[in-house]
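In: 3D model of this:
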Amino acid sequence: MPIRYVLFPFLSVIATSLTLAATRLLGRGAEQAARAIGIHDLALFRVVIYALWASIIAWALACLLRQEGVRAADLGWRGRLSPEAIGLAVLAAWLAAMIWLPLDALRQAIGLPLYWDPRQRGFVQPTTPWEFALVILAGLILVPPAEETMFRGYVLPALETRAGRIGALMLHNLLFALYHGAIGPGLVLYMFFWSFFPALLYLRYRSIYPPMLMHFLNNIWVDIAVPMLFGH
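Out: As a prediction, the model looks like this:
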């Protein structure tokens, strides 16, 4: 697995930032652009833009790797979801949710803000049927396959061939955490530890299907259940 593209996924974040900057250059601003398509939550607008770019970059990465003989199966698109894999994916999603409270307490103790934008009160805050539909599209349909292909399917095994399993795991977690740095420093802390769960699922099954299921379940909780249960 070639390692030269290990930072390629970060193009998703760069492209998202440039797209948001372009809305300001066009004189509308991100908030106005969001309202123009029926989104009142600026964080959700960012997630939708990011999900589209992440899908494009994941596809571009797969095309680049294909030219070097790396097939979809080599990126983890293989195998099947056994009952054991499903059970472990569900357990991993539950554990990932459970570590939030102690890590958030640590974040607050060291004075680390969760989001860069002090106005942001949640990861996303959908309130209308249209916004929930966009959450499903971005958070459940687009993001899990894109991120799992890039990070668990490519970055983790590419690093493993150079740094060994433990070294690759730690470097992979660091990269995936920094990948979320544009959202906020506190989220970087949480994502470093969150990353253990999908990574360990991949290392066990050598397939992105179990971590993709875990990611899907996690996003149901974060993007849909939390806003419905605790949103304002």
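
In: so who does the residue nearest the centre of the chain touch?
Out: Nearest to the geometric centre of the chain sits Glu147, at 5.5 Å (C-alpha atoms, centre = their mean). Contact analysis of Glu147 by C-beta atoms under 8 Å, 6 or more residues apart in numbering lists 9, 54, 58, 215. Just so you know, the C-beta spots here come from the backbone N, C-alpha and C atoms, and that holds for glycine as well.

In: residues contacting the first one?
Out: The reference is to Pro9. Pro9 neighbours (C-beta under 8 Å, 6+ apart): 54, 57-58, 61, 147, 150-151, 154-155, 179.

In: where does it fall, phi/psi-wise?
Out: phi -60, psi -30 (degrees, to the nearest 10).

In: would you mind measuring from it to Leu159?
Out: 13 Å (C-beta to C-beta, to the nearest Å).

In: low-scoring stretches of the protein, by residue?
Out: Along the chain, segments meeting pLDDT under 70 span 26-28, 231-232.

In: can you give me the helices in it?
Out: 10-25, 29-36, 42-66, 83-98, 100-109, 129-135, 143-147, 156-179, 185-194, 196-205, 209-219, 226-230 (DSSP state H).

In: quick one, the fifth one and helix 185-194 angle?
Out: Right, helix 100-109. With axes from the mean of the first three to the mean of the last three C-alpha atoms, to 10 degrees defining the directions, helix 100-109 sits at 140 degrees from helix 185-194.

In: output helix 100-109 as PDB, nothing but the C-alphas.
Out: These are the backbone C-alpha positions of helix 100-109, laid out as PDB (Å, rounded to 0.1, in the frame of the first residue of the first chain):
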ATOM      1  CA  TRP A 100     -17.700  11.300  25.900                       C
ATOM      2  CA  LEU A 101     -18.500  12.400  29.400                       C
ATOM      3  CA  PRO A 102     -15.100  11.600  31.000                       C
ATOM      4  CA  LEU A 103     -13.300  13.200  28.100                       C
ATOM      5  CA  ASP A 104     -15.500  16.200  28.100                       C
ATOM      6  CA  ALA A 105     -14.900  16.600  31.800                       C
ATOM      7  CA  LEU A 106     -11.100  16.400  31.100                       C
ATOM      8  CA  ARG A 107     -11.500  19.000  28.300                       C
ATOM      9  CA  GLN A 108     -13.300  21.400  30.600                       C
ATOM     10  CA  ALA A 109     -10.800  20.800  33.400                       C
END
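
In: what sits up against that helix?
Out: Residues contacting helix 100-109 (C-beta under 8 Å, 6+ apart): 114, 186, 189-190, 193.

In: closest to Pro126 out of those residues?
Out: Leu114 (18.7 Å; C-beta to C-beta).

In: contacts only, for the nearest residue to the closest one once chain neighbours are set aside.
Out: Using C-beta to C-beta, 6 or more residues apart in numbering and skipping the chain neighbours, the partner closest in space to Leu114 is Gly186 (3.6 Å). By C-beta under 8 Å, 6+ apart, the residues touching Gly186 are 104, 107, 112-115.

In: can you pick the most crowded of those residues?
Out: For the contacts of Gly186, the largest number of neighbours (other C-beta atoms under 10 Å) sits with Leu114, at 21 neighbours.
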